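Visitor: prediction below, plus the sequence it came from.
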Amino acid sequence: MDSNQSILESALDELNVAFLAKLLRPGEESYDNVRQIHNGMIDKRPELIACCTGVSDVVDAINLGVDSGLEISVRGGGHNVAGRAVCDGGLMIDLSKMKGIYVDPQARTVRAQAGVTWAEFNRETQLHGLATTGGAVSSTGVAGLTLGGGLGWLMGKYGLTIDNLKSVEIVTAAGEILQASETENSDLFWGLRGGGGNFGVATSFEFNLYEVGPTIIGGLVVYPFDQAREVLKFYRDFTAEMLEELTLFAGLIHAPDGSGTPMAAILACHCGPQSEAEAAVEPIKTFGNPAMVELGPMPYSMVNTMLDDGFPKGALNYWKSSFLSTLSDDAIDTMIEQFSSCPSGMTGMVVEHIHGAATIIKPEDTAFPHRESGYNLLIASVWLEAAETDSNIAWTRETYNILEQFMATGTYVNYLGDDEAAGRVKSAYGDNYERLQKLKTRYDPENVFHLNQNIVPD
């Protein structure tokens, strides 16, 4: 037994006395289930998984990792496509059992622990007809989405997820428990609003809530693929001047019946009064010759599930993404041409429109700097068979490279994959990167938390 292993075993003997949850080793029951995350391409095996139930467990787990020299990864919802939530041969700090959600309907606030998903979050807040901007896929974790910025269905009216964040509880690499807000550790609070998991383990989040639902106007309209050009041009023109209450995504998708038939779609969420919402979405419902119209009154919580079936847990995922400098006719034509040769009947190209409240924040006011009205393009390749991996990755890379001529320099950090070119993290933060480096140096100078889209200490 080498010295590091001896240190680890000694620390484990001491920790087992106090640790409230499970410490899992390879071969133990539930180890394989816990180490598996949403993206089936990721198959890593930690030396140890610390299944935390509270902040004290998190503190002990961090101390164990630092003292024993184990590489540390942190899992919240385990949804991020890059797969940094799990490590090979190190310590995985698993927060997925930390499910506390505490709603204050009078103050219109909520505090959620780091293992909560957006489906769970919405279930609790919608009991009171309240919501905040959350993930477009309900199985996404609250922690990961928030720390990266948080594009979502309510961002036109209420801004990004981080714009509704009141405070964060975080445990640093030194095992110190901090509260971060506008009035307490405000520099850290700035960095946590978009800076990812670089500064410590965030254990809970407090948000502002708004009156939304429980019934809103939402859903989708799907068109035959031969109308895709007209649909995307209509989407571009319609979103040029749009109400804050309405958020629209568009996409090139495949029919959900398993046939692999390519189609075009517009997805909508209007969070305002129903009478106004019906009139606002009527032009979408009546445009072109749709194959399916499912746009009308629906529970708000269902809006966050519209894309769920396209991203089943365990499917293999490889994504490329960037903000667009223009959604020009040439860009639209290139998207359609490339999608025609897509090798997987599960893959989609999603265009997310950012406007309204998400764009009134100054770029320097949060770590997330992308505050201009415009579009984000996500090429989300999804497939089921490992034998198809090479062809799907090759198509995604080729498509991204061809579309790069239409892209802006910035990118959304939550969509970055695990094989991005050098400099992509910097492009996610732009002029804010240097300030983030200084924060990283202050709170994690040894870069203990580097299994993320890493900001390197200066």
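Guide: That came in fine, so what should we check first? Numbers count the residues shown, from 1 in each chain.
Visitor: so Gly251 touches Ala265, yeah?
Guide: Yes: with contacts counted by CB atoms under 8 Å, Gly251 reaches Ala265, the gap being 5.2 Å. To be clear about C-beta, it is placed using only N, CA and C from the backbone, and glycine gets the same treatment.
Visitor: how many other residues sit next to Asp43?
Guide: 13 (other CB atoms under 10 Å).
Visitor: tell me which element the most centrally placed residue in the chain is part of?
Guide: For the chain, the residue sitting closest to the mean C-alpha position, by CA atoms, centre = their mean, is Leu145 at 3.8 Å. Using DSSP states H and E, Leu145 sits within helix 142-148.
Visitor: how far off centre is that helix?
Guide: 6 Å (CA atoms, centre = their mean, to the nearest Å).
Visitor: which pLDDT value goes with Leu12?
Guide: Residue-level confidence at Leu12 comes out at 68, pLDDT.
Visitor: again with the one 5 residues further on
Guide: If you check Val17, the pLDDT there is 58.
Visitor: re earlier: list the buried residues of the helix holding Leu145.
Guide: For helix 142-148, burial by neighbour count (16 or more other CB atoms under 10 Å) applies to Val142, Ala143, Gly144, Leu145, Thr146, Leu147, Gly148.
Visitor: break this protein down into its structural domains.
Guide: According to automatic domain parsing, the chain comprises the domains 3-94, 101-212+433-443, 215-415.
Visitor: surely Gly77 touches Asp94?
Guide: No: Gly77 is beyond contact range of Asp94, at 11.0 Å (criterion: CB under 8 Å).
Visitor: sorry, back to before: leaving out chain neighbours, which residue sits closest to the residue nearest to the centre of the chain?
Guide: Gly135 (4.9 Å; CB to CB, 6 or more residues apart in numbering).
Visitor: and what of Tyr415?
Guide: Nearest to Tyr415 is Ser321, by CB to CB, 6+ apart, at 3.7 Å.
Visitor: picking that back up, and the domains of the chain, which is most packed in?
Guide: domain 101-212+433-443 (a mean of 22; mean count of other CB atoms under 10 Å).
Visitor: mean confidence for it?
Guide: For domain 101-212+433-443, the mean per-residue pLDDT is 97.
Visitor: Ser304 and Ser138 touch, don't they?
Guide: Not Ser; residue 304 is Asn. Yes: contact criterion CB under 8 Å: Asn304 and Ser138 qualify, at 4.6 Å.
Visitor: which residues do those two both contact?
Guide: Common contacts of Asn304 and Ser138, defined by CB atoms under 8 Å, 6 or more residues apart in numbering, comprise Trp118, Ala119, Asn122.
Visitor: what is the nearest of those to Asn33?
Guide: Nearest to Asn33, judged by CB to CB, of the shared contacts of Asn304 and Ser138 is Ala119 at 19.1 Å.
Visitor: how about the secondary structure of the closest one?
Guide: Following DSSP: H, G, I helix; E, B strand; the rest coil, we place Ala119 in the helix state.
Visitor: that one: what's it in contact with?
Guide: Ser138, Ser139, Ser301, Asn304, Thr305.
Visitor: let's see that with 10 Å instead.
Guide: Contacts for Ala119 (CB atoms under 10 Å, 6 or more residues apart in numbering) come out as Gly77, Gly134, Gly135, Val137, Ser138, Ser139, Thr140, Ser301, Asn304, Thr305, Asp308.
Visitor: among those residues, which two are most distant?
Guide: Among those, Gly77 and Ser301 lie farthest apart (CB to CB), at 16.7 Å.
Visitor: hmm, back to that, per-residue pLDDT, the residue nearest to Tyr415?
Guide: Looking at Ser321, the pLDDT reads 95.
Visitor: please enumerate the helices of the chain.
Guide: Ranges of helices in the chain, per DSSP state H, are 3-18, 31-35, 55-68, 118-125, 142-148, 155-158, 186-192, 228-239, 274-286, 300-303, 329-339, 389-403, 424-429, 433-443.
Visitor: could I get those helices as CSV with distance to Met346?
Guide: Listed next are the helices of the chain as CSV, based on distance: least, CB to CB, whole Å:
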stretch, distance to Met346
helix 3-18, 41
helix 31-35, 23
helix 55-68, 36
helix 118-125, 21
helix 142-148, 22
helix 155-158, 26
helix 186-192, 34
helix 228-239, 18
helix 274-286, 25
helix 300-303, 21
helix 329-339, 13
helix 389-403, 9
helix 424-429, 25
helix 433-443, 34
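Visitor: which among those is found nearest to Val81?
Guide: Of all the helices of the chain, helix 142-148 comes closest under CB to CB, at 10.3 Å.
Visitor: how about the contacts made by the closest residue to Ile177 other than its chain neighbours?
Guide: Closest residue to Ile177 apart from its sequence neighbours, by CB to CB, 6+ apart: Val171 at 5.6 Å. By CB under 10 Å, 6+ apart, the contact set of Val171 is 55-56, 58-59, 61-63, 93, 177-178, 200-203.
Visitor: now do Val171 against Glu276, distance only.
Guide: 44 Å (CB to CB, to the nearest Å).
Visitor: spit out the contact partners of the residue nearest to Leu145.
Guide: Contacts of Gly135 (CB under 10 Å, 6+ apart): 77, 79, 117-119, 121-122, 141-142, 144-146, 150-153, 161, 304, 307, 414.
Visitor: same check on Glu245?
Guide: Shown in contact with Glu245 (CB under 10 Å, 6+ apart): 154, 156-158, 212, 216-217, 269-273, 276-277, 280, 356.
Visitor: and what of Asn198?
Guide: Each residue near Asn198 by CB under 10 Å, 6+ apart is listed here: 147, 191-192, 367, 425, 436-437, 439-440, 443-444, 447, 449-450, 452-457.
Visitor: recalculate using a threshold of 7 Å.
Guide: Lys440, Asp444, Phe449, Asn452, Asn454, Ile455 (CB atoms under 7 Å, 6 or more residues apart in numbering).
Visitor: give me the phi and psi angles of the fourth one.
Guide: Dihedral angles of Asn452 (phi, psi; degrees, to the nearest 10) stand at phi -160, psi -170.
Visitor: surely it is in contact with Gly195?
Guide: No: counting by CB atoms under 7 Å, Asn452 does not reach Gly195; the two are 9.3 Å apart.
Visitor: so how far is Ile72 from the residue nearest to Ile177?
Guide: Taken as CB to CB, the span from Val171 to Ile72 is 11 Å.
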